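Trainee: Show me the folded form of this:
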Amino acid sequence: MTSQSASALRSRYVQQAASDLEENRRLQKELAERIKMLKQEEALLSDIITLAGRYESLAERQEGFADSSRLPEQVTHERPAEPANREAAAPSVKPASHRPASGRSASASSTAQSGAKGKSRQPLLGDLLMDVLRAHDEPRLAKELRDELLDKHPDRKPTPQVVRNTLEGLVAKGRIRRHKQQRSVMYTLVESADRGHTATEAEVVG
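Mentor: Model prediction:
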């Protein structure tokens with residue numbers, strides 16, 4: 001091998017090494033950006049799970065208030081005190097006026113109780129989504145679940161964000177399972193026998 005060919009070979013190796021070094025630097029930069037993006041997604045997902053838990057807890061608390069509220073009955077029973085001079089002037093009128101008031105208060109009480117019971121029958125969004133998932137064996141997208149929910153319950157119109165938050169809350173509770181396929185997130189129902197084991201898996205994945 002001549003000195004000229006050796007020099008050309010050495011120059012080619014130097015160029016190849018420089019090219020490999022530049023490629024490694026580019027890959028390191030991409031990996032660093034990817035790690036940063038994954039950390040942001042993890043923080044966002046944690047916030048979503050927290051918000052979903054608060055939303056469902058608030059909904060259950062409001063239903064409990066509606067079921068136990070008896071304010072109309074209390075207001076109807078509270079009657080202003082009769083002046084002392086009126087009681088002395090017409091003592092026989094008081095029993096007669098008291099009976100109709102009792103009938104009206106009983107009617108108002110019945111109406112308040114029936115209204116409270118009507119509110120308590122409103123199902124939670126999480127229960128409705130689990131009913132939709134129960135009809136499918138394959139994982140379903142959040143958009144598909146929302147479309148089917150709107151079709152079955154036209155009176156319920158949750159936003160896509162509320163549906164996703166509710167689904168993530170159910171995942172955190174171990175009631176449904178999350179599946180990742182490429183960039184898509186899908187959900188399936190967790191059977192009651194496997195719910196305890198799946199809740200632990202969901203925490204690890206999350």
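Trainee: any weak-confidence spans in this structure?
Mentor: Counting by pLDDT under 70, the chain contains low-confidence ranges at 1, 63-120, 192-206.
Trainee: just the helices in it please.
Mentor: Using DSSP state H, the helices of the chain run over residues 3-68, 71-77, 84-89, 93-120, 125-134, 142-152, 160-172, 195-205.
Trainee: and Tyr55, what does it touch?
Mentor: Val162, Asn165, Thr166, Gly169 (CB atoms under 8 Å, 6 or more residues apart in numbering). Heads up, the C-betas are built off the backbone N, CA and C, glycines and all.
Trainee: and the closest residue to the last one other than its chain neighbours, how many neighbours?
Mentor: If I follow you right, that is Gly169. By the measure of CB to CB, 6 or more residues apart in numbering, the closest residue to Gly169 outside its immediate chain neighbours is Ala52, 3.1 Å from it. Ala52 has 22 neighbouring residues, counting by other CB atoms under 10 Å.
Trainee: do Arg164 as well
Mentor: Counted with other CB under 10 Å, residues neighbouring Arg164 total 19.
Trainee: do the same with Met186
Mentor: Met186 has 17 neighbouring residues, counting by other CB under 10 Å.
Trainee: Spit out the contact partners of Val14.
Mentor: Not one residue lies near Val14 by CB under 8 Å, 6+ apart.
Trainee: Please read the previous query as pertaining to Gln62.
Mentor: By CB under 8 Å, 6+ apart, Gln62 has no neighbours at all.
Trainee: about what we covered before: can you tell me which of the contacts of Tyr55 are buried?
Mentor: Asn165, Thr166, Gly169 (16 or more other CB atoms under 10 Å).
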